[in-house]
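Enquirer: No letters, just coordinates:
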């Protein structure tokens with residue numbers, strides 16, 4: 001089941017280390033089957049507050065996403081970003097192809113009557 005790394009990064013002044021990070025990051029997720037799905041592209045806020053830039057990386061599964069994040073190769077370059085850009089970053093598993101939201105709603109209703 002596909003998994004995602006989603007980051008909401010605060011706006012920050014440009015810095016050489018950020019450019020280096022951007023150059024080096026793709027090589028860190030190649031061994032884990034990762035790829036950029038969104039990379040600080042413009043976004044349209046419909047509800048709430050979503051300032052800054054959005055990054056989304058897809059992986060074949062949550063184990064690969066975790067292995068990438070924990071890898072020495074990624075951890076070596078992570079400070080190039082984190083020294084200059086604050087943000088919120090999550091790893092999240094996707095839903096299976098046969099996911100049925102009606103079943104989730106049914107389970108919620110059942111829990112309400114218990």
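Expert: Yep, that arrived. The model shown is predicted, which means the values in this text are computed figures rather than measured ones.
Enquirer: List the buried residues of the helix or strand in which residue 65 is found.
Expert: Here residue 65, judged by DSSP states H and E, is contained in helix 62-70. Buried residues in helix 62-70, counted by 16 or more other C-beta atoms under 10 Å: 62, 64-65, 67-69. C-betas here are computed from N, CA, C, even on glycine.
Enquirer: can you pull out the strands in the protein?
Expert: In the chain, the strands defined using DSSP state E lie at 3-9, 35-39, 53-59, 87-93.
Enquirer: The shortest one packs against which elements?
Expert: If you count contacts as 3 or more C-beta pairs under 8 Å, 6 or more residues apart in numbering; DSSP states H and E, strand 35-39 packs onto strand 53-59.
Enquirer: What pairs with the strand it packs on, parallel or antiparallel?
Expert: According to DSSP bridges, strand 53-59 forms sheet pairs with strand 3-9 (antiparallel), strand 35-39 (antiparallel).
Enquirer: That one vs helix 62-70, what angle?
Expert: Orientation check (axes from the mean of the first three to the mean of the last three C-alpha atoms, to 10 degrees): strand 53-59 against helix 62-70 gives 130 degrees.
Enquirer: Pull the distance from strand 53-59 to the chain's centre.
Expert: 4 Å (C-alpha atoms, centre = their mean, to the nearest Å).
Enquirer: looking at the chain, which helix or strand is least sure?
Expert: helix 101-113 (a mean of 93; mean pLDDT, DSSP states H and E).
Enquirer: still on that earlier bit, of the buried residues of helix 62-70, just say which sits nearest to residue 30.
Expert: Distance ranking of the buried residues of helix 62-70 against residue 30, using C-beta to C-beta, places residue 68 first at 9.5 Å.
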